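>>> model the following, please.
(one chain, ligands or ions: 1)
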Amino acid sequence: MDAFVIHGARRLKGTATVSGSKNASLPIMAAALLSSDGELILHDVPHLSDISNMGRLLVELGCEVSHEAGPGSAGGAMRIRVVDEMNSHARYDVVRTMRASVCVLGPLLAKRGHAKVSMPGGCAIGERPIDLHLRGLEALGADVRLDSGDISVKAKKLRGARVFLGGPFGSTVLGTINVMSAATLAEGTTIIEQAACEPEVVDCADVLNAMGAHIRGAGSPRVTVEGVKELHGAEHRIIADRIEAGTLILTAAITNGDVRIENCPIDALTALLAALNDIGVSVEPENGSVNPMRATVSVSSSRRLEPTTVTTQPHPGFPTDLQAQLMALLCLADGNSIITEKIFPERFLHVAELSRMGAHLYRQGPTVVISGIKKLIGAPVMASDLRASAGLVMAGLAAKGVTTVNRVYHLDRGYEKLELKLQKLGAEIERVAGQ
Ligand code: EPU
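Take a look at the predicted model:
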């Protein structure tokens, strides 16, 4: 297992480019299973271990998948074509390495009439049930059973229905995408209420529409799908990764850097920008940035960071996937900040590790009080979640001394060439082979 060794306390300067979105790419790749004819060609799919795992799963499910190496940090084109519909079983071996495998459930059910997907277990960020996905598919007429740890879904014909997808923590991103994907081939109209409004849902709906589906309202809490007989290949450029963009912005801020970020989806980051405004970090789009989902921005901050209060919420609220990184920044604010996690109330693996670096953090349930300190001190740390690891890398870049972040395979799941992008900004960060 590789580790990152970071010599911190250096101001980052220069330009970084945001890659294509991991969380948009994964369900869109799964949507290729719905096609009766032609190739799905996707541009800007990032080169990440989660993406190659999804590619392997699609191969097991009868697809041909290729992924070109891209120029610079842009992921090259991915091509997916269905050649054989015999196997509809996503095995435990694959699902356990990547929860997003659950996205094949809706497409397989709609196209092949049945699917078996190993029930995903809990993961490092807490319990992650899929009851809402199943409730939605049942409403479309699927018979759902649990069979030796596999979820088995079957339907001769799916029929459009009105489906409510709200749960105790709000909407569900992959659940909305699963039900929306399945509904594209159902007979009649499906209306999804309390649909997730995340940009990844919109990107997936755009791809499905390019494949011949009729979806309206994606990005709002009500999504309407008129079923069609079949879908075909299409070509699409994946949206920029809002979480990588947010992580780079917060990294610039924590190192008191002066950084330009290209391909930055500011339109999808309003809650982060509002929090940064309170903290005293400026994120200015450059003149001529006409597309707010692919802007170029300059990040700079005052030396004194103000404390703030943030609660994670479904989009357009503050994203849970930036909570750990924001916490790292607030460790250095001048006063007490409060973060409350409303999506995954156990997602605090970084708290104990940041404390090892001198942070003053007090957790009670889903809330952490962060008492700002003057300096973080480098230390060996370990995290078992992708975004927690990103928060620790940020802390290491700001800290005095040397920080070793162990188990960087978590970062390789979700950040394309992170250490290279940071080195280009002047960070002293090196990948070393773990013991
Ligand atoms: N939930 C239920 N029942 C369900 C589904 C979800 O109760 O059937 C709950 C979850 O336990 C959670 C909340 O609803 O409390 C929201 O979960 P959601 O279903 O939206 O999460 P997801 O779709 O499984 C995606 C991202 C996550 C991101 C969440 C929330 C992908 C591949 N994953 O997961 O990303 O944190 O949405 O925005 O898109 C990451 O990239 O690091 C990551 C974990």
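
>>> name the nearest residue to Leu330, ignoring sequence neighbours.
For Leu330, the nearest residue in space outside its immediate sequence neighbours is Ser337; the separation is 4.1 Å by CB to CB, 6 or more residues apart in numbering. Backbone N, C-alpha and C define where each C-beta goes, glycine included.

>>> so how far is the helix or strand harbouring the one you found off the chain centroid?
Secondary-structure assignment from DSSP states H and E places Ser337 in strand 336-340. Distance of strand 336-340 from the chain centroid (CA atoms, centre = their mean, to the nearest Å) equals 23 Å.

>>> and the strand of greatest length in the chain, which strands flank it?
Among all segments of the chain classified by DSSP state E, the strand with the greatest residue count is strand 35-43. Strand pairing for strand 35-43, using DSSP bridges, gives strand 78-82 (antiparallel), strand 231-237 (parallel).

>>> tell me who's in contact with the residue of the chain most remote from its centre.
Each residue of the chain has a distance to the centre, and by CA atoms, centre = their mean the biggest one is for Lys156: 33.1 Å. For Lys156, the residues meeting the contact criterion (CB atoms under 8 Å, 6 or more residues apart in numbering) are Gly113.

>>> quick one: pLDDT of it?
We note a pLDDT of 94 for Lys156 in this prediction.

>>> measure it to Ile6 for me?
Applying CB to CB, to the nearest Å, the value for Lys156 to Ile6 is 56 Å.

>>> cool, Ala295 as well?
28 Å.

>>> doesn't Leu137 lie inside a helix?
Yes: the secondary structure assignment for Leu137 places it in a helix, going by DSSP: H, G, I helix; E, B strand; the rest coil.

>>> okay, now it: neighbour count?
In terms of burial, Leu137 registers 28 neighbours under the definition other CB atoms under 10 Å.

>>> who touches it in this structure?
Counting by CB under 8 Å, 6+ apart, Leu137 touches Leu105, Gly106, Leu109, Val144, Val153, Asn178, Val179, Ala182.

>>> report the contact partners of the fifth one.
Contacts for Val153 (CB under 8 Å, 6+ apart) come out as Leu105, Leu109, His114, Ala115, Lys116, Leu134, Leu137, Ala142, Asp143, Val144, Arg145.

>>> how about whatever helix or strand the fifth one lives in, does it get close to the ligand?
Using DSSP H and E, the secondary-structure element containing Lys116 is strand 114-118. No: legend: contact between strand 114-118 and the ligand by CB under 6 Å from any ligand atom is lacking; minimum distance shown is 13.1 Å.

>>> which neighbouring elements make contact with that strand?
In this structure, strand 114-118 packs against strand 89-90, helix 92-95, helix 105-112, strand 150-154, with contacts taken as 3 or more CB pairs under 8 Å, 6 or more residues apart in numbering; DSSP states H and E.

>>> the third one close to the ligand?
Just to be clear, that refers to helix 105-112. No: interface with the ligand: helix 105-112 contributes nothing (CB under 6 Å from any ligand atom), its closest point being 11.2 Å away.
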